[in-house]
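# Need coordinates for the following:
(chains A and B)
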2 protein chains.
Amino acid sequence: MMDRSFMRESTRHFKPYYSPTSDGSLRLDTNTNVLGPNPAAMDALSDLSDIDINQYPNTYSADLRSVLAEFYGLGAENFVTGSGSDEILDVLFKTFTDKGDRTVVPYPSYSIYDYFSELNGGVPVPVDLDADFQLDVGSILAADGKMIVIPSPNNPTGNSFRRSDLLEIVEGTDVPVVIDEAYGEFHHESFIPSVRKYDNLIVTRTFSKAYAMAGLRIGYCVCSPEIADMMTCIRIPYSLNMLSEKAAVAALGDQDFIRRSADMVERNRPMLVEGLEALGFECYPSDANFVLARSPIDHRELVKGLKERGILIRDFGHRRLLENCVRFTIGTDEMNIRVIEACEELTR
Amino acid sequence: MMDRSFMRESTRHFKPYYSPTSDGSLRLDTNTNVLGPNPAAMDALSDLSDIDINQYPNTYSADLRSVLAEFYGLGAENFVTGSGSDEILDVLFKTFTDKGDRTVVPYPSYSIYDYFSELNGGVPVPVDLDADFQLDVGSILAADGKMIVIPSPNNPTGNSFRRSDLLEIVEGTDVPVVIDEAYGEFHHESFIPSVRKYDNLIVTRTFSKAYAMAGLRIGYCVCSPEIADMMTCIRIPYSLNMLSEKAAVAALGDQDFIRRSADMVERNRPMLVEGLEALGFECYPSDANFVLARSPIDHRELVKGLKERGILIRDFGHRRLLENCVRFTIGTDEMNIRVIEACEELTR
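Numbers count the residues shown, from 1 in each chain, chains lettered A, B, ... in the order given. Next up, the predicted model:
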């Protein structure tokens, strides 16, 4: 009789991932780009005459890595691609952690790091953020991890971490330090240029957020050639499919869309925040395309009420330090008005 | 200084995967479909108006699993999808093996099983095939694995294994038995219907071979709902991208192309075999779209000579029990004539 006793021990408690039925709802729960699908990618996909789907893709995404190298002024040997930055994370855990190994992650943060750590037989070691949701550098360095993973801007809190804190961590350890810049396009600082200086630094990026291509599953990381070489041997060959690679190459060439997207977020963030605060929400500072807010009414009631009104947001209200908090993707003017009006109905 | 001592111990010897430069060569080295790209898939990809690449895909490929269920007369809960059957294999190793766990694989067989075993901290235990490349059932069952992985038809030998032997293995153990039917469409038997009876049986399939969609990275497995549920919790959410899912759904609806492809292979196999045997090659029996052949000249010389003539085949001549053997994908009439003529130049 096949039961969970056959599973790898560290994973027997796993449950399926967040997977709501949306049926036409306004999705402000996944932080995709509210301006809609990436136009350069769609344009590239409209002509597949240069593609032979019957052949295997580039084993290690040579085309995309070469364009990324040019874009960032680095070499192709500084990049590893994956089927979403999720695959990049999985590869990082496979490469640098073994059974029982500790990985240090801030808390509250993106729960998928814990999942990948346990998936790979390891132990996630959460280190609480301080009251301003900033890093506790001393505790992170003292936690004796085989790897340290920190998203900046952080999800779901929305703030980025102080550059000096992150540098202190990268300089204060020999183990790989992963800075997940999934929301990096919405922020003005990046650690990507620093991979030249620090051979234990890995910066991950995704095409799922600002690039508006979540459906195509494209991610990459930037790091020293030594780390890229190790990860390349661990990564499943051909894991990035041909169409996604082609679309990503095109999308990287249209920085105007990325700028417009980031500008829109920066312009509309205050509107959403002010609207929510006027209703009694407590909003946290954000450098990303979403806002974490503590609800003036019960979080379950709020999320359910919005869902009934055709709006999905993400509920974090049951998590420690995020009591009664929810996360809103920052919308267009229209979307924000609709969200605030719906919240007003629910909170008055 | 970042070096391989930071890597998971079982993977420090890993090298990058087979990745030849092809530049317009005739590729008879990867066993893709020589009839060309899947027409139904290309047709589906020519209209993306129903696709929003800015949203995440179905978390667990609901559309594809529902069509697969209908196709095989099983339930959606019997299927798990992945980015290629390679991802399915990785998920199987992650789900059912832990550090140091043994996985039993026949030898000679597909080397990627060893890679996935070690990648996941485990130990591959090869059990030699007999002189007819058939299974040593007793030794496989006695090898005390946490999982058993057997491709049928086998790669690179080309033959399928006796149904009675495979059944004896599935019935003789409680641990998961994976039958990799990557070349199943070219063979008249499948173990897929048997997942109803054996809850430790997992059959993997791919869209990369007969379906002619290797560039899109689509694979799946068929198994008991209990195993599918465990794998679903382990699989990276959204790992199959939207475009590939859409193309796979369409391709499954065009069985005529699959039949034509399998018929062509069956018709052309004797021609290739006879042509090679006339030149002194020793060919092994095949139930797949490729033929393993022992070369009458040094295998390196043969592979190099064919490459210079614009034809890529796969070299296995350095492997134990496959001394001086190479693998040819079975081509169309024209391709087979071209290959045989080139071999004639090299062997006379």
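# tell me, how many neighbours does the nearest residue in space to A:Asp298 that is not next to it in sequence end up with?
The shortest distance from A:Asp298 to any non-neighbouring residue, by CB to CB, 6 or more residues apart in numbering or on different chains, is to A:Asn324 (7.1 Å). (Glycine included, C-beta is placed from N, CA and C.) Using other CB atoms under 10 Å in any protein chain shown, A:Asn324 is surrounded by 19 other residues.
# Check the gap between A:Asn324 and A:Leu312 for me.
Using CB to CB, to the nearest Å, A:Asn324 is found at 18 Å from A:Leu312.
# Over to A:Asp47?
34 Å.
# between these two, who's got more neighbours?
Neighbour tally, A:Asp47 and A:Leu312, criterion other CB under 10 Å: the higher count belongs to A:Leu312, 18 against 10.
# Now do the contacts for the residue nearest to that one when sequence neighbours are not counted.
Leaving aside its sequence neighbours, A:Leu312 sits nearest to A:Asp29 (CB to CB, 6+ apart; 4.2 Å). Taking CB atoms under 8 Å, 6 or more residues apart in numbering or on different chains, we find A:Asp29 in contact with A:20, A:312-314, A:327, A:329.
# Is A:Asp29 in a helix, a strand, or coil?
Put simply, A:Asp29 is coil when judged by DSSP: H, G, I helix; E, B strand; the rest coil.
# next one: A:Val80
Per three-state DSSP, the local secondary structure of A:Val80 is strand.
# That one bridge partners, please.
Note on A:Val80: beta-bridge partners A:Cys221, judged by DSSP bridges.
# mind listing the helices for chain A?
With helices called from DSSP state H, chain A shows them at A:39-45, A:62-72, A:84-96, A:112-119, A:137-142, A:163-171, A:225-234, A:242-252, A:255-278, A:299-308, A:333-347.
# Pipe these into TSV and attach mean neighbour count per row.
Converted to TSV, the helices of chain A look like this (neighbours: other CB atoms under 10 Å in any protein chain shown):
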stretch	mean neighbour count
helix A:39-45	20
helix A:62-72	18
helix A:84-96	26
helix A:112-119	23
helix A:137-142	16
helix A:163-171	16
helix A:225-234	21
helix A:242-252	24
helix A:255-278	16
helix A:299-308	17
helix A:333-347	17
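# what about these, which gets the closest to A:Lys15?
Among those, helix A:112-119 comes nearest to A:Lys15, with 10.0 Å by CB to CB.
# Alpha carbons only: can I get that closest one in CSV?
The C-alpha trace of helix A:112-119 is given here as CSV (Å, rounded to 0.1, in the frame of the first residue of the first chain):
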residue,chain,number,x,y,z
ILE,A,112,8.9,29.1,-1.2
TYR,A,113,12.4,29.2,0.2
ASP,A,114,11.4,27.0,3.1
TYR,A,115,9.7,24.7,0.6
PHE,A,116,12.8,24.3,-1.5
SER,A,117,15.0,23.8,1.5
GLU,A,118,12.8,21.0,2.8
LEU,A,119,12.2,19.6,-0.7
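# distance between that helix and the chain's centre?
14 Å (CA atoms, centre = their mean, to the nearest Å).
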